[in-house]
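J.: need a structure here:
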Amino acid sequence: MDRHILDVLKGKRPEHSFEFKLSELVGKVEYVFADEEIEVKKGDVHSIKIKPFTISPEWLAVPCSYIQNPLGKVVGVGEEHAKPVALERYVTHAIFTAFADGKIKIGDIVGAVVMLFAQIKS
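T.: A predicted model of the protein is given here:
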């Protein structure tokens, strides 16, 4: 098992994403880190500024159902103006659903997305 995965299991902050292969499906897990301090309230949905990352053309970002913050869960990521999957995207914000009250600090992991390659067929 990859040592970075073991670090996450031990509660250590992950430092980078990792790739995986599921059958013939190629993917990557991208961790989502807060880039602002924000108070969240149970039951509310928040737009959180995150450490930016790029989504390559023909890749999809699917919220990870397992990796989350103790205060809530990332249900989506995006940028100010949505772009088609065929274009490179620069992610700057996460949509975060809070299931507890609390404060998220800069650098806190708020969740992860599973990046999946989706070849566009015309």
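
J.: quick one: the helices in this structure?
T.: When assigned using DSSP state H, the helices of the chain occupy the ranges 3-9.

J.: can you pull out the low-pLDDT segments for it?
T.: Scanning the chain with the threshold set as pLDDT under 70 gives 1-6, 8-11, 13, 16, 18-23, 121-122.

J.: can you rerun that using 80?
T.: 1-26, 119-122 (pLDDT under 80).

J.: quick one, strands of it?
T.: For the chain, applying DSSP state E gives strands covering 18-22, 25-33, 38-40, 45-55, 59-68, 72-78, 89-98, 102-104, 109-117.

J.: present those strands as TSV; the columns should include distance to Lys12 and mean neighbour count.
T.: Every residue, glycine included, has its C-beta placed from N, CA and C. Compiled in TSV, the strands of the chain are given as follows (distance: least, Cβ to Cβ, whole Å; neighbours: other Cβ atoms under 10 Å):
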stretch	distance to Lys12	mean neighbour count
strand 18-22	14	11
strand 25-33	12	18
strand 38-40	23	18
strand 45-55	17	16
strand 59-68	13	16
strand 72-78	19	19
strand 89-98	21	19
strand 102-104	18	16
strand 109-117	10	21
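
J.: columns distance to Asp7 on top of those strands, output as a markdown table?
T.: Shown next, in a markdown table, are the strands of the chain (distance: least, Cβ to Cβ, whole Å):
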| stretch | distance to Asp7 |
| --- | --- |
| strand 18-22 | 11 |
| strand 25-33 | 12 |
| strand 38-40 | 25 |
| strand 45-55 | 18 |
| strand 59-68 | 13 |
| strand 72-78 | 20 |
| strand 89-98 | 22 |
| strand 102-104 | 21 |
| strand 109-117 | 12 |
